[in-house]
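J.: Structure, please.
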Amino acid sequence: MRKVLLLGSTGSIGTSALKVARDIPERMQIVGLAANCSVEALVEQVLETGVKQVALTDAAAAEKARALLPSDVVVHTGTQGLVDLVNESDADMVLVAIVGTAGLAPALAAIERGMHLAVASKEILVMAGEAVTEAAKRKGVNILPVDSEHNAIFQCLEGHRHSIVQRILLTASGGPFRQLPADQLPSVTVAQALKHPTWTMGRKITIDSATLFNKGLEMIEAKWLFDVPMDKIEVVVHPQSIVHSMVEFADNSVIAQLSHSDMCFPIQYAVTWPDRVTNNLKPLDFAKVGALHFEAPRVDDFPAINLARHAGTVGGTLPAVLNAANEVAVEAFLNGKISFPGIWQTVERVMTAHQTVEHPDLEALIEADAWARRKAAELI
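T.: Reported below is the predicted structural model:
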């Protein structure tokens, strides 16, 4: 049985995690919930799970929740409230599904308390991979990936030495513009970019999928999760999203992990690892799947992958700068302030202007993040 504290409970990952908890109640118990401002959804989740500790980062939402929740439910407030929730919880695992950098402080707090970390937020390892992985090693804490791609790699590596890994192959759906001619990208609308062909996700990560920045961020994340250099990490486009990622070993053999596109699969494996537990999820019917298709990403038309490869190779504060600039640029695109290509153009200009700090401490990372946001906003 895992006692799980769920940060980001009202988002797509959070609601999937609650489905898993319903499916395997003998192995997963939700003991705390956190959201940004979705009061009604959080109240429903509290009534379902019976948790006594919650957090809402939005102060007005937290006040509203206190009026709606039973009096014995403690409501923590703000970004510090996420850390307080971790520190006052009896969880043995924290599932971080918060978009952006807000999940970093509670993730580090969880590690310090010896709680295992299930990571669905790319930004934690992209921004502070060195600090987070070193802290986890020091405390003897497992970092378990929840992203479908990294969870797939984690499964493929089971029982194999990392020293014999030749390539990590991250699969990408290609997003909604996989076949769109490059000269049409400047006219892409927000509505078009939010129509993902495979997954139902939040707005920010859906735009990241359309630009392929999600794959770039995943490359940097994989570097830290699996302790491999950037030149061993590649991206291959796989529109069906059945093969979630692959690992090629020294003998040129490749092991892949396959399942339907349902986040419940990786969430369950992260929670029940090293066990595999029966569930009610849909099995694959290979006759119905038919053919599986793969192609190279269009890195010239979608430069995000190369920008991320450069940031991950240089290291230091540059990945944090890439991540922060991308967050600001995505928000600007969603608000109609820049074009679709303006997202990666802004990120590249911010990265070029940055003076990288090597082996940064947390203070330096936070400063680099703040600088990149100011610089991106100035450019926009």
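
J.: where are the low-confidence patches of the stretch 101-250 of the chain?
T.: Along the stretch 101-250 of the chain, the model assigns pLDDT under 70 to residues 199-200.

J.: Quick one: the strands in it, in order.
T.: Taking DSSP state E, counting those that start in this stretch, the strands of the stretch 101-250 of the chain run over residues 116-119, 143-145, 165-172, 233-237, 243-249.

J.: Select, out of the ones you listed, the one closest to His354.
T.: strand 233-237 (22.2 Å; CB to CB). All C-beta atoms are positioned from the backbone trio N, CA, C, and that covers glycine.

J.: List the buried residues for that closest one?
T.: Buried positions in strand 233-237, judged by neighbour count with 16 or more other CB atoms under 10 Å: 233-237.

J.: what's the answer for stretch 37-47, then?
T.: 37-39, 41-43, 45-46.

J.: ok, now stretch 171-179?
T.: 171-178.

J.: related to what we said a few turns ago, which of the buried residues of stretch 37-47 fall in helices?
T.: Taking DSSP state H as the definition of helices, those contribute 39, 41-43, 45-46.

J.: Tell me who's in contact with Ala79.
T.: In this structure residue 79 is Thr, not Ala. 57, 102, 105 (CB atoms under 8 Å, 6 or more residues apart in numbering).

J.: Identify the residue nearest Leu322 in space, chain neighbours excluded?
T.: Leaving aside its sequence neighbours, Leu322 sits nearest to Ala311 (CB to CB, 6 or more residues apart in numbering; 4.4 Å).

J.: Mind telling me what element the one you found is part of?
T.: Per DSSP states H and E, Ala311 falls inside helix 304-314.

J.: ok, now Gly32?
T.: strand 28-35.

J.: just to revisit the earlier point, out of the contacts of Thr79, which comes closest to Pro274?
T.: Of these, the one sitting nearest to Pro274 (CB to CB) turns out to be Ala105, at 28.9 Å.

J.: does the closest one really touch Gly81, like I thought?
T.: No. Ala105 is not in contact with Gly81 according to CB atoms under 8 Å; the separation is 10.6 Å.

J.: more neighbours, those two?
T.: Higher neighbour count among Ala105 and Gly81: Gly81, with 20 against 17, using other CB atoms under 10 Å.

J.: The more buried one in helix, strand or coil?
T.: helix (DSSP: H, G, I helix; E, B strand; the rest coil).

J.: how close does it get to Gly103?
T.: Distance from Gly81 to Gly103, counting by CB to CB, to the nearest Å: 13 Å.

J.: again, but for Gly290
T.: 38 Å.

J.: One more: Ala296?
T.: 32 Å.

J.: More neighbours: which of the two?
T.: The neighbour count for Ala296 versus Gly103, taken as other CB under 10 Å, is higher for Gly103 (27 against 9).

J.: can I get the buried residues of strand 233-237 in CSV with distance to Leu284?
T.: Shown next, in CSV, are the buried residues of strand 233-237 (distance: CB to CB, whole Å):
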residue, distance to Leu284
Ile233, 26
Glu234, 24
Val235, 23
Val236, 19
Val237, 20
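
J.: and of these, the nearest to Lys204?
T.: Distance to Lys204 across the buried residues of strand 233-237 (CB to CB) is lowest for Val235, with 19.6 Å.

J.: can you pull the contacts of Cys37?
T.: 56-58, 60-61.

J.: what does Lys122 give?
T.: 147, 214, 217-218, 221, 323.

J.: can we see that at 10 Å?
T.: 99-100, 103, 145, 147, 150, 205, 208, 213-214, 216-218, 220-221, 323 (CB atoms under 10 Å, 6 or more residues apart in numbering).

J.: With Val299 instead?
T.: Applying CB under 10 Å, 6+ apart, the residues near Val299 are 212, 235, 305-307, 309.

J.: Top of the residues you listed by number of neighbours, please.
T.: That'd be Leu212 among these, by other CB under 10 Å, with 30 neighbours.

J.: so it makes contact with Ala296?
T.: No. The pair Leu212 / Ala296 is not scored as a contact, 12.0 Å apart, by CB atoms under 10 Å.

J.: joint contacts of those two?
T.: By CB under 10 Å, 6+ apart, the residues touching both Leu212 and Ala296 are 235, 237.

J.: So which bits of stretch 373-380 are buried?
T.: Quick answer for stretch 373-380 (16+ other CB under 10 Å): 373, 375-377, 379-380.

J.: Could I get the CA-only coordinates of it as CSV?
T.: Output of stretch 373-380 as CSV, limited to C-alpha atoms (Å, rounded to 0.1, in the frame of the first residue of the first chain):
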residue,chain,number,x,y,z
ARG,A,373,11.0,35.3,-17.5
ARG,A,374,11.8,39.1,-17.4
LYS,A,375,13.9,38.8,-20.6
ALA,A,376,11.3,36.8,-22.5
ALA,A,377,8.6,39.3,-21.5
GLU,A,378,10.8,42.2,-22.6
LEU,A,379,11.4,40.6,-26.0
ILE,A,380,7.7,39.9,-26.4
